[in-house]
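Visitor: below are the sequence and a predicted model; questions follow.
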Amino acid sequence: MNQIAKALALSKQALALINQEMERQDHGSGAVGTVSQLLTCKQQLQAMIAELESGSLPPKDERLRGMGHMIADSWPTDSTLADALLLAEQAYRSA
């Protein structure tokens, strides 16, 4: 699997986990983040997926970023969702 395909797969997996967590938040049983943080991550993942699928990635120094900082600042370190988001962002930035 090439780097773009790997980044795309990880981003789609993270997006599915975000959607699950947002549903849990809607039912009052969310485990991580706020609705606002989750929405921001979802929007960034959707943009990353669109760029990866289009094949026209911006230069590495101009690619989307920020989820990692938000997660490190305010999410629990043992979160599966946080791990998935960090992996997706790292794979996208290095694709």
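Guide: Sure thing, it's come through. Because the structure is predicted, anything quoted here is derived from the model rather than measured. Numbering: from 1, shown residues only.

Visitor: show me the helices in this structure, by range?
Guide: In the chain, the helices defined using DSSP state H lie at 3-26, 35-54, 67-74, 80-94.

Visitor: out of these, which comes closest to Lys60?
Guide: Closest of these to Lys60 is helix 80-94, at 6.6 Å (criterion: CB to CB). The C-beta positions use only the backbone N, C-alpha and C, and glycine is treated the same way.

Visitor: list the helices and strands that closest one packs on?
Guide: Counting contacts by 3 or more CB pairs under 8 Å, 6 or more residues apart in numbering; DSSP states H and E, helix 80-94 is packed against helix 3-26, helix 35-54, helix 67-74.

Visitor: next, the angle from the helix or strand bottoming out on mean pLDDT in the chain to helix 3-26.
Guide: Of all helical and strand segments in the chain, the minimum by mean pLDDT, DSSP states H and E falls on helix 67-74, at a mean of 87. Interaxial angle, helix 67-74 versus helix 3-26 (axes from the mean of the first three to the mean of the last three CA atoms, to 10 degrees): 40 degrees.

Visitor: pull out the buried positions in helix 67-74.
Guide: With burial defined by 16 or more other CB atoms under 10 Å, the residues of helix 67-74 counted as buried are Met67, Met70, Ile71.

Visitor: before we move on, what about stretch 11-25?
Guide: Counting neighbours by 16+ other CB under 10 Å, one finds that the buried residues in stretch 11-25 are Ser11, Lys12, Ala14, Leu15, Leu17, Ile18, Glu21, Met22, Gln25.

Visitor: which one among the residues you listed gets closest to Gly55?
Guide: Proximity of the buried residues of stretch 11-25 to Gly55 (CB to CB) peaks at Ser11, which lies at 14.4 Å.
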